[in-house]
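[1] Here's my sequence, what's the structure:
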Amino acid sequence: MKLTDSTPDSADAANSSTSRSAMAGENHFSTPFSVGDVHDLICFSHLRWNFVYQRPQHLLTRATKNYRVWVLEEPIWDSDFRLNVCQQMDQLTVLVPHLPHGTSPTDAIELQRQLLDQFLRAERIEKYIAWYYTPMALLFSDHLRPNLTVYDCMDELSAFLGAPPQLIEQEQKLLERADLVFTGGYSLYEAKQNRHPSVFAFPSSIDFAHFSAARQPCPDPVDQQNLPNPRLGFSGVIDERFDNGLIQQLAERRPEWQFILLGPVVKVDPATLPKGPNIHFLGMKPYAELPSYFSNWAVALLPFALNESTRFISPTKTPEYLAAGLPVVSAPIRDVVRTYGCSDFVQIADSVTTFETAIETALAAKHPGNWDAIDAFLTENSWNNTWSEMNRLMVAHMSLALEQ
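    Next up, the predicted model:
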């Protein structure tokens, strides 16, 4: 089963979206163009490129095969006013606005608009795709007329701690402008499908070759070498979605188990984190080093709390753990249950007791039982295939727009 099987027919959706854009007066082109003329993709991101390696990095690095990619991040407050330009790889450049300390919110929007316009003029970019991860960027980019607008909705950002109060309003405006909407999971797809005519579900995919290296013995990283076994691991952002109480109780009940937690701690008070001699926070690790950590774990965990911030998530780590050959125990996150639990690829646990039992089953090598089926699923749902299908929809939509 491909992860996009539940989405609408692409041709019908593209026709519907094209008609909608024409009625709204968006994406009308002042000069004739062909799809082959669109060489640039400008991404508006709320995430730092060099933060946790996740969906934007996976997709946009692959986008460089088709476009010059420009990733415009949120501003940094500084002593001067400028746009920092840093080429990360061939065809991909990160742009970071630097705004003076004390700039008012209204002025910050206008300054970002000014930097964006200067950048477009300097690079002579006229035909391009606008790719949004954050609707808040529309505040300073709503004057643009790209050849295609894509909203890659990877999370329900309004449910996150510290979300700006204008976010819901700005998302509605972005949905009115967007030609295509991609979602990071089926739950998000269901939440957005009635708000736009061209919504497609693209849940977390996998770089199988990268993580399957963990199935062979890898050198144990230095900060993990001296920790006893068995090791139970989690890798990801540790924030309001992380179930601190669950890990605390598991660690107390099973002191012989070692809990390895990789990733940055953000938006939560460190005093609330679980503590104990068998709980080890090792910090954020480079993407390239993750297979070495995973290779030396016995079980991988998805210990998410069930709250508004986890209602729509589709954790990227689920297929990465499986590709690494690790048995996985997860909280009952809807998209994990639907995609992996119902296929019996992942054990689902909804309490400390069921987590403990599931971990015991995994440690005894009694789950999962069908690695061939898991590998077939992972191979089919690669990030390469996901980007290829996304780009096919994008090109199809631009081609249809030309025919109108």
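[2] quick one: strands adjacent to the host helix or strand of residue 200?
    Element membership for residue 200 (DSSP states H and E) is strand 199-201. Partner strands and pairing direction for strand 199-201 (DSSP bridges) are strand 180-183 (parallel).
[3] Identify the residues contacting the partner strand?
    In this structure, residues lying in contact with strand 180-183 by CB atoms under 8 Å, 6 or more residues apart in numbering are 14, 17, 148-154, 175, 189, 191-192, 196, 198-202, 390, 393-394, 397. (C-beta placed from N, C-alpha, C; glycine too.)
[4] For the next helix or strand after that strand, buried residues please.
    The helix or strand immediately downstream of strand 180-183 is helix 186-192, counting by DSSP H and E. For helix 186-192, burial by neighbour count (16 or more other CB atoms under 10 Å) applies to 186-189, 191-192.
[5] Then stretch 350-362?
    352, 355-356, 358-359, 361-362.
[6] Mind checking which of the residues you listed are in helices?
    Counting by DSSP state H, the part of these found in helices is 352, 355-356, 358-359, 361-362.
[7] Closest one to residue 57 out of those, please.
    Of all those, residue 362 has the smallest distance to residue 57: 29.0 Å, by CB to CB.
[8] Identify the residue nearest the closest one in space, chain neighbours excluded?
    Residue nearest to residue 362 in three dimensions, not counting chain neighbours: residue 327, with 3.7 Å by CB to CB, 6 or more residues apart in numbering.
[9] and that neighbour, how many neighbours does it have?
    Neighbour count for residue 327, taken as other CB atoms under 10 Å: 23.
[10] Next: residue 220.
    Count around residue 220 with other CB under 10 Å applied: 15.
[11] Make CSV out of the buried residues of helix 186-192 and add pLDDT and distance to residue 135.
    What follows is the buried residues of helix 186-192, written out as CSV (pLDDT from 0 to 100; distance: CB to CB, whole Å):
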residue, pLDDT, distance to residue 135
186, 92, 21
187, 90, 18
188, 90, 14
189, 93, 17
191, 88, 14
192, 92, 12
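[12] now the residues you listed in JSON lines, with distance to residue 142?
    Output for those, formatted as JSON lines (distance: CB to CB, whole Å):
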{"residue": "186", "distance to residue 142": "30"}
{"residue": "187", "distance to residue 142": "28"}
{"residue": "188", "distance to residue 142": "23"}
{"residue": "189", "distance to residue 142": "25"}
{"residue": "191", "distance to residue 142": "23"}
{"residue": "192", "distance to residue 142": "20"}
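[13] Out of those residues, the closest to residue 60 would be?
    When these are ranked by distance to residue 60 (CB to CB), residue 188 comes first, at 19.0 Å.
[14] Report the separation between that closest one and residue 172.
    Residue 188 sits 15 Å away from residue 172, going by CB to CB, to the nearest Å.
[15] Need the distance between the two termini of stretch 368-388.
    End-to-end distance of stretch 368-388: 30 Å, with CA to CA, to the nearest Å as the criterion.
[16] Give the rounded mean pLDDT of it.
    Averaging pLDDT along stretch 368-388 yields 96.
[17] so where's the stretch 301-404 of the chain uncertain?
    Where the stretch 301-404 of the chain drops to pLDDT under 70, the residues are 404.
[18] Do a quick rundown of the helices in it.
    Along the stretch 301-404 of the chain, counting by DSSP state H, counting those that start in this stretch, helices occupy 317-323, 334-336, 352-363, 371-380, 383-403.
[19] Please identify the most buried of these.
    helix 317-323 (a mean of 26; mean count of other CB atoms under 10 Å).
[20] At the geometric centre of the chain, which residue do we find?
    Note on the chain: the residue nearest the mean C-alpha position is residue 55, at 3.2 Å, using CA atoms, centre = their mean.
[21] Dihedrals phi and psi, residue 215?
    With angles defined as degrees, to the nearest 10, residue 215 sits at phi -70, psi -20.
[22] Please name the spatially closest residue to it (chain neighbours excluded).
    Leaving aside its sequence neighbours, residue 215 sits nearest to residue 325 (CB to CB, 6+ apart; 4.0 Å).
[23] Export the helices of the stretch 301-404 of the chain as TSV, with columns for distance to residue 260.
    Listed next are these as TSV, based on distance: least, CB to CB, whole Å:
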stretch	distance to residue 260
helix 317-323	13
helix 334-336	20
helix 352-363	13
helix 371-380	22
helix 383-403	25
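[24] can you tell me which of those helices comes nearest to residue 230?
    Nearest to residue 230 among the helices of the stretch 301-404 of the chain is helix 352-363 (5.7 Å), distances taken as CB to CB.
[25] Next, the contact list for the residue nearest to residue 215, please.
    By CB under 8 Å, 6+ apart, the contact set of residue 325 is 212, 214-215, 371.
[26] Quick check: it vs residue 213, distance?
    Applying CB to CB, the value for residue 325 to residue 213 is 10 Å.
[27] Give me the distance between the nearest residue to residue 68 once chain neighbours are set aside and residue 182.
    Distances taken as CB to CB, 6+ apart put residue 40 closest to residue 68, at 4.9 Å, once the chain neighbours are dropped. Remark: distance between residue 40 and residue 182 (CB to CB) = 19 Å.
[28] Looking at the two now, which is surrounded by more residues?
    residue 182 (28 against 19).
[29] Show me what the more buried one bridges to in the sheet.
    Assessed by DSSP bridges, residue 182 has beta-bridge partners residue 152, residue 200.
[30] Show the model's pLDDT score for it.
    97.
[31] I'd like the mean pLDDT over the strand holding residue 200, please.
    Per-residue pLDDT over strand 199-201 has a mean of 96.
[32] Tell me how far stretch 53-63 lies from the chain's centre.
    8 Å (CA atoms, centre = their mean, to the nearest Å).
[33] what's the span of stretch 282-299 from first residue to last?
    For stretch 282-299, the end-to-end distance is 17 Å (CA to CA).
[34] Now do the buried residues in it.
    282, 284-285, 290-299.
[35] Which ones among these map onto strands?
    When the buried residues of stretch 282-299 are checked against strands (DSSP state E), the matches are 282, 299.
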